[in-house]
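Student: What follows is a protein structure lacking sequence information:
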Ligand SMILES: [Zn+2]
């Protein structure tokens, strides 16, 4: 037996699989498999977390999983056999909250590591245009990646761009402007922060350049370039290269792109059999002004809840009640100076009554709701609305979700459990830890996204990255959940560590459950869709530190390799 590991447990599991023949497809007259992968360490993520050596695939499904001999004897004349040479195979990885893979036409800040490099990138952007041209950045960067661990200030930008308006788009909640941009949109130190937004100020009341949440609406950016099928495909292929076979897109793909146009584009790609990733797509409510508006929008969209198939499906409706790192809505004030003397508790982007009315309407129309809630007070608002909707018509068993749930309080667990909620958790802390300390203080930041507690409290937790807010690597996210390490600031909240097995479930079968697809994907079992990833190392036994550097040597979706690394060798 050329098993990569000498683990007795692994061998025992293989025998168990063979013995209880969770094994099918060997009957008389059954066509031979198209593909057999053998000599692997196949982490099936079935109910018993069994390890197998080989899998057989016919069409788009697994037809057998077990020991080398049992599976290989199914081979027919035309079966392609691939020797895994002891490599570890996981079920295809799933990201439950991913917008896109990042990038874009603006100034690329994703790789800068210091203020100097950031300003150099802005300078290059200024020089590439004409004097007075607007310079905009892509949104896939965060100040926690900078040596200085702070945002650029308006004055920093003024130094390199005295005449060109500059708007740095950071994540999905914040812009940073220079003085020329403030002048262009007539924002002065006298301008009041709009409802649900915040104009950032220095201690003396002067503008610091930041526009948070609804304050961003004071600025009109040029429309993003037209999204094309090629752009969408290119984005999805990038994901394949890190082992991703399924994503749930929470309400917006490329920020600012029209959700229905994107949906139609994905549908076209699906009809042409070109999708390399399975997509669960949430639509998004942006306008909470009235229930009538919501009804109108839904009627205009004419899309049914859950319409679609295993390649592309509508997964529900995304809503949101608060900001992000800089605007999460808290029960207690922010750390100073952000707390402004105990006053600032974050940003409520929609009042409770209007939010509740919309959620109740969505429930009446049969929509499953997924709500962005970062702070503990935001979670309170969502729980209250969900509970009221539940009184109209039960939401139990419908897998409504809370997206992010950074700050959890013990009194919220029984309330969330009684509504059968799923928690969609990401690794923001991995990147943003030092900023979160500045905003919320060490104690709160330490316990951001308490996955251990969520699991101990009996919740279904589905994992994701929120890319491009956080880079899309599922291995980074798993590594962070396992170790609670952060990129630049050491371990946060070691009490929240989870096991490798738990992390793997969170990025596979639990995501399948979130989208009601656990019967067809999320584990390597006969009858399920043949989605898998061949890894560069043994996830279960390699030193912890190496998990974040794992690579996908091969990614298969529906029985077809959609990504292969040369290191996989000729097969
Ligand atoms: Zn998001």
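Tutor: The structure has been received and is ready for your questions. Just so it is clear, the model here is predicted, and its values are computed rather than measured. Numbering: from 1, shown residues only.
Student: Hmm, residue 465 is touching residue 478, no?
Tutor: No: with contacts counted by C-beta atoms under 8 Å, residue 465 stays clear of residue 478, the gap being 10.3 Å. From N, CA and C alone the C-beta is placed, and that goes for glycine too.
Student: neighbour-wise, which of these two wins?
Tutor: residue 465 (28 against 24; other C-beta atoms under 10 Å).
Student: Next up, the contacts around that one.
Tutor: Counting by C-beta atoms under 8 Å, 6 or more residues apart in numbering, residue 465 touches 95, 97, 98, 426, 427, 471, 472, 473, 474, 476, 477.
Student: Which ones among these map onto helices?
Tutor: Among these, the members found in helices (DSSP state H) are 474, 476, 477.
Student: quick one: the helix or strand encompassing residue 355 to chain centroid distance?
Tutor: Element membership for residue 355, per DSSP states H and E: helix 352-364. Put simply, helix 352-364 sits 25 Å off its chain's centre (C-alpha atoms, centre = their mean, to the nearest Å).
Student: again, but for stretch 165-180
Tutor: Per C-alpha atoms, centre = their mean, the displacement of stretch 165-180 from the mean C-alpha position of its chain is 23 Å.
Student: in it, what counts as buried?
Tutor: Neighbour counts using 16 or more other C-beta atoms under 10 Å place 165-180 of stretch 165-180 among the buried residues.
Student: what about that stretch, start to end distance?
Tutor: 5 Å (C-alpha to C-alpha, to the nearest Å).
Student: Quick one: low-confidence residue ranges for the stretch 101-250 of the chain.
Tutor: The stretch 101-250 of the chain contains no residues with pLDDT under 70.
Student: how about residue 336, phi and psi?
Tutor: Torsion angles at residue 336 (phi, psi; degrees, to the nearest 10) stand at phi -70, psi 150.
Student: Quick check, pLDDT for it.
Tutor: Note on residue 336: pLDDT of 94.
Student: still on that earlier bit, ok, the ones in helices among the contacts of residue 465 vs residue 411, which is closest?
Tutor: Residue 411 has its nearest neighbour among those in residue 477, at 27.8 Å by C-beta to C-beta.
Student: Let me see the contact set for that closest one.
Tutor: Applying C-beta under 8 Å, 6+ apart to residue 477 gives the contacts 426, 427, 430, 463, 464, 465, 470, 507.
Student: any idea which of those is the one closest to residue 328?
Tutor: Relative to residue 328, the closest of the contacts of residue 477 is residue 426; by C-beta to C-beta it sits at 13.4 Å.
Student: Report the beta-bridge partners for the closest one.
Tutor: For residue 426, the beta-bridge partners are residue 464 (DSSP bridges).
Student: Let me know the distance separating it from residue 497.
Tutor: Separation of residue 426 from residue 497 (C-beta to C-beta, to the nearest Å) stands at 16 Å.
Student: repeat for residue 567
Tutor: 30 Å.
Student: Show me which of these two is the more surrounded one.
Tutor: Ranked by neighbour count (other C-beta under 10 Å), residue 567 and residue 497 place residue 497 first, with 18 against 11.
Student: contacting residues around the more buried one?
Tutor: Residues near residue 497 by C-beta under 8 Å, 6+ apart: 452, 481, 482, 483, 484.
Student: Apply 6 Å and report the result again.
Tutor: residue 484 (C-beta atoms under 6 Å, 6 or more residues apart in numbering).
Student: ok, so of the contacts of residue 477, who is nearest residue 436?
Tutor: Taking C-beta to C-beta as the measure, residue 436 lies nearest residue 430 of those, at 10.9 Å.
Student: for the closest residue in space to the closest one that isn't next to it in sequence, phi and psi?
Tutor: Excluding the flanking residues, the one nearest residue 430 by C-beta to C-beta, 6 or more residues apart in numbering is residue 480, at 3.9 Å. Residue 480 has phi and psi values of phi -60, psi -40 when expressed as degrees, to the nearest 10.
Student: mind checking how far residue 480 is from residue 107?
Tutor: Residue 480 sits at a distance of 27 Å from residue 107 (criterion: C-beta to C-beta).
Student: Give the helix, strand or coil label for residue 350.
Tutor: Under DSSP: H, G, I helix; E, B strand; the rest coil, residue 350 falls in the coil class.
Student: and it, how many residues sit next to it?
Tutor: Neighbours of residue 350 under the rule other C-beta under 10 Å: 23.
Student: so who does residue 522 touch?
Tutor: With C-beta under 6 Å, 6+ apart, residue 522 has these contacts: 508, 509, 512.
Student: where does this protein have low pLDDT?
Tutor: The chain contains residues with pLDDT under 70 at 1-29, 255-256, 570-571.
Student: report the longest strand in it, please.
Tutor: The single longest strand within the chain, with elements called by DSSP state E, is strand 312-320.
Student: what angle separates that strand from helix 352-364?
Tutor: 160 degrees (axes from the mean of the first three to the mean of the last three C-alpha atoms, to 10 degrees).
Student: Let me see the residues that make contact with strand 312-320.
Tutor: Strand 312-320 is contacted from outside by 248, 250-251, 266, 270, 279-285, 303, 306-308, 362, 367-372, 515, using C-beta under 6 Å, 6+ apart.
Student: need the helices for the stretch 451-571 of the chain, in chain order.
Tutor: Counting by DSSP state H, counting those that start in this stretch, the stretch 451-571 of the chain has helices at residues 451-456, 474-483, 500-506, 509-514.
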